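>>> Please find the sequence and the predicted model below.
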Number of protein chains: 2
Amino acid sequence: MAERAFSSTELYDAWPILSVEEKVEGFQLLPLEEREPFFRQLSARDEAKLLENFSSAERRNWIRVLAPEDAADVIQETAPQAREDLLSSIDEPLKSEVKGLLAYAEDQAGGLMSPRYARLRPGMTVEEAFSYLRRDARDREKNVYYAFVVDPQERLLGVVSFRDLFSARGDQSIQDVMRRNVVTARDDLDQEALSDLFARHNLMMIPIVDAQSRIKGVVTHDDIIDVLREEATEDIHKIGGMEALDAPYLQIPLSQMIKKRGGWLAALFLGEMLTATAMGYYEDQISRAVVLALFVPLIISSGGNSGSQASTLVIRAMALKEIRISDWWRVVRREFSAGIALGGILATIGLMRILAWQGLFHSYGEHYMLIALTVAFSLLGVVLWGTLAGSVLPIVLRLLGFDPASASAPFVATLVDVTGLIIYFSVATVILRGSLL
Amino acid sequence: MAERAFSSTELYDAWPILSVEEKVEGFQLLPLEEREPFFRQLSARDEAKLLENFSSAERRNWIRVLAPEDAADVIQETAPQAREDLLSSIDEPLKSEVKGLLAYAEDQAGGLMSPRYARLRPGMTVEEAFSYLRRDARDREKNVYYAFVVDPQERLLGVVSFRDLFSARGDQSIQDVMRRNVVTARDDLDQEALSDLFARHNLMMIPIVDAQSRIKGVVTHDDIIDVLREEATEDIHKIGGMEALDAPYLQIPLSQMIKKRGGWLAALFLGEMLTATAMGYYEDQISRAVVLALFVPLIISSGGNSGSQASTLVIRAMALKEIRISDWWRVVRREFSAGIALGGILATIGLMRILAWQGLFHSYGEHYMLIALTVAFSLLGVVLWGTLAGSVLPIVLRLLGFDPASASAPFVATLVDVTGLIIYFSVATVILRGSLL
């Protein structure tokens, strides 16, 4: 890396392809005033990497600029042997805040929350609340867009938005202005359920409470954006037929990536071996009518494609809560109609293709019409079956307590490939008996 | 539906499976105080449906509870012939705000923004700002967490967060307190780019400006959550091999769903027809060694699975800006290593399977070792090729200006299936020449 100062935009753009040493060097070459905003916008993983390579004075300095929930994330990303060292370099009160947060898993509401929020007593007037909040805000960084009204045991009584405060008269009492009907979340709530709460109620901030209804912190919208991206990435990876990667593509070690892909690929392969068994069962028919083998890839890929359309649709609709388990019969009815229509379209195209090739090249001998009908009826059956299996399997998996996203694609693929062969050769046996077979 | 009042939670849960008439009836049976929060949390599509079925007095009443950007969304969801009618039932000033928003496409920053925001002049003191904002907030609903400092031509000079106001002294001037370095977005910016801006800078609110740098409105975090869900759904549908549906699964008309799935399914089918052509080319070899046909589904599905893993990974990483076009060589190097490793794993399993079956059932005759080697080398080649093709194609499509998500899955599937057959039969020709072939 050249020995000149980079702008933070240049560094940001080059970031993914830099080595750790280059990152540290690039960061230290940034103009002084750009370092703090740059450091704050990094991922917890990158912040941890920089801190590990800093001198202990720098480390002490830089962990201080983070909000407690971000500092806790950084410590969770740090190698275990360096954690104690990093914790000991944090000053109070940040240190105890961070320790409190480390008790929660990263994907729980408690792991996402900020322990810094504005607090009011029910008996204050609006005017008193204003001056209290103004004093409090000077003190340290806080989420001041909502203030939470609590009793002496820290139990949540109500919430006052700043909009409420601004539109109230100065002499009104806080308990007359506050809203009592507050949407809260328990500290052990899963982050996916928490993001559903945000979406359902259109909220900006949700207070997090413990089992005794005491407020422990707040989660804001911007924390949820990261959760949503993460959950969508996980689902997309699973639909793509692998375990979800937990780091950016260019940063995850190759060995880990191979493990996460190889596991499912091998499982799929073991399942697909049944196709060789099924084909072996029909070896006789193939040797009598080799022409049957020509359409095997076309038939099974059509079943696979229609199955993956249906399972993708249903998986996503379940993730968005558009479909619940109890809707299974409505899904089956829809997919039955869709499967007949889609199978009909492919059957028609397949029929025309064989007739056209026969007309042009005489590819399929005297029984071309029977072959065309075999392919057409098989397509109808395979597409219908693929569509039904693809749509029902995610629902069955959810019913059994599995994650529909992670297992559907492989199951559907294997199921539809093997049964597709059985459908194809069964149709062939019926239609071609006495002619080719 | 029974003639008793539902709670809003019951109605919310039943909502997806109700007919329009039942929705209208259920809504009108809600306790009075629950109707407004229930109405506000509905999707624009549902709000439009209810309004269309209300009396004109009710319609006037209910459109009024919406924020201008939500009212504009509702009008965009309304059938064209009913739009004028709905617009005419809106009172000023909401009507002109809505009309201003309708000029923007739904997926532009301008279509997402709220035209109501708090505005300050640079010369005010903090104390004056407070009382001005308190007066203003009583007036009508506003996004008051940030106030924007503008000149007389409405050009944006800076921003003051409420946290800044709270921590400032009352006699300071706004221009001394405001931050001048404001991240803004142009009103015609695409919503996906806008959501990247939010994620990159960790912002709560972004002011939207026109070509003359005049502020037109603000977009807040909660608008972006919906955008993120929508974009992820689109990508997931495209990766599943169909056009993205633009309505919830149970609500989209069957005919539209068939169109969106049938198009890609037919395109894929046309591509896959090349497999029949390729197989036809090797018909002779198959008739001499029918055993070769047995492994065709296994080989091409392995190529397809490894290809879809790689393309899914790269598509998602590009959507998250983890990979750019210029990283293509790094991607190729990683996927080359991954492909060799994954292909090696499958080749080993395949080899052992054939040797085991031969030992147990004598399935493959005297040349079983050559057959096993043919399958193993083909797997290595097909998986490596699938992995490389799957990872490079999305990058090439982006380079050519296409959406990588929508076309990669089909292209990769077809490409890998056809070339997989060619690889398999070529390997067979080399290894089995003089024995089976």
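Here it is on my side, so go on.
>>> which strand of chain A spans the most residues?
Longest strand in chain A, counting residues (DSSP state E): strand A:143-150.
>>> Go ahead and produce CSV holding the CA coordinates of it.
Written as CSV, here are the backbone C-alpha positions of strand A:143-150 (Å, rounded to 0.1, in the frame of the first residue of the first chain):
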residue,chain,number,x,y,z
ASN,A,143,-31.5,7.1,22.6
VAL,A,144,-33.6,10.2,23.4
TYR,A,145,-36.4,9.9,20.9
TYR,A,146,-38.6,8.1,23.4
ALA,A,147,-38.4,8.4,27.2
PHE,A,148,-39.6,5.5,29.4
VAL,A,149,-41.6,6.1,32.5
VAL,A,150,-40.7,3.7,35.3
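>>> partners of that strand in the sheet?
Strands that pair with strand A:143-150, judged by DSSP bridges, come out as strand A:117-120 (parallel), strand A:156-161 (antiparallel).
>>> Now find how far off-centre the last one is within its chain.
Think strand A:156-161. How far strand A:156-161 lies from its chain's middle: 32 Å, per CA atoms, centre = their mean, to the nearest Å.
>>> What of the first one?
Between the centre of strand A:117-120 and the centre of its host chain there is 33 Å, according to CA atoms, centre = their mean.
>>> Now the element after it, going C-ward?
helix A:126-139 (DSSP states H and E).
>>> go on, the last one?
Moving toward the C-terminus from strand A:156-161, the first helix or strand encountered (DSSP H and E) is helix A:162-167.
>>> re earlier: please work out the angle formed by the directions of the longest strand of chain A and helix A:126-139.
130 degrees (axes from the mean of the first three to the mean of the last three CA atoms, to 10 degrees).
>>> tell me the mean pLDDT for strand A:143-150?
Computed over strand A:143-150, the mean pLDDT rounds to 81.
>>> Next: stretch A:337-355.
Mean predicted confidence for stretch A:337-355 is 95.
>>> quick one, what contacts the closest residue to chain B within the stretch 251-400 of chain A?
Chain B sits closest to A:Thr312 of the stretch 251-400 of chain A, with a gap of 2.7 Å, by CB to the nearest CB. In this view, the C-beta of every residue, glycine as well, is placed from N, C-alpha and C. Residues in contact with A:Thr312 (CB atoms under 8 Å, 6 or more residues apart in numbering or on different chains) are A:239, B:236-237, B:239-242.
>>> Roughly how far does it sit from A:Asp85?
Between A:Thr312 and A:Asp85 the computed distance is 46 Å (CB to CB, to the nearest Å).
>>> So is the lengthiest helix in chain A next to chain B?
What stands out as the longest helix in chain A, according to DSSP state H, is helix A:328-361. Yes. For helix A:328-361 and chain B, the contact criterion (CB under 8 Å from any CB of the partner chain) is met by A:330-331, A:334, A:337-338, A:341-342, A:345-346, A:349-350, A:353.
>>> wait, what's in contact with A:Ile349?
Contacts for A:Ile349 (CB under 8 Å, 6+ apart) come out as B:266, B:269-270.
>>> so what's A:Met101 closest to, chain neighbours aside?
Wrong residue type there; residue A:101 is Leu, not Met. What sits nearest to A:Leu101 in space, not counting adjacent residues and going by CB to CB, 6 or more residues apart in numbering or on different chains, is A:Ala72, at 3.9 Å.
>>> Point out where chain A drops to low pLDDT.
Low-confidence segments of chain A (pLDDT under 70): A:1-6, A:137-144, A:407, A:410.
>>> Secondary structure class of the most centrally placed residue in it, three-state.
Nearest residue to the geometric centre of chain A (CA atoms, centre = their mean): A:Glu231, 1.9 Å. Assigned by DSSP: H, G, I helix; E, B strand; the rest coil, the conformation of A:Glu231 is helix.
>>> thought it was touching A:Leu194?
No. A:Glu231 lies out of contact with A:Leu194 (CB atoms under 8 Å); the separation is 10.8 Å.
>>> rewinding a little: what's the closest of the strands paired with strand A:143-150 to B:Ile371?
For these, the distance to B:Ile371 is smallest for strand A:117-120, at 68.8 Å, taking CB to CB.
>>> tell me the contacts of A:Asp235?
A:315-316, A:319, A:405, B:232, B:236.
>>> now do A:Asp246
Contact analysis of A:Asp246 by CB under 8 Å, 6+ apart lists A:Ile252.
>>> Go through the strands paired with strand A:143-150 and pick out the most buried.
Mean neighbour count (mean count of other CB atoms under 10 Å in any protein chain shown) peaks for strand A:117-120 among the strands paired with strand A:143-150, with a mean of 21.
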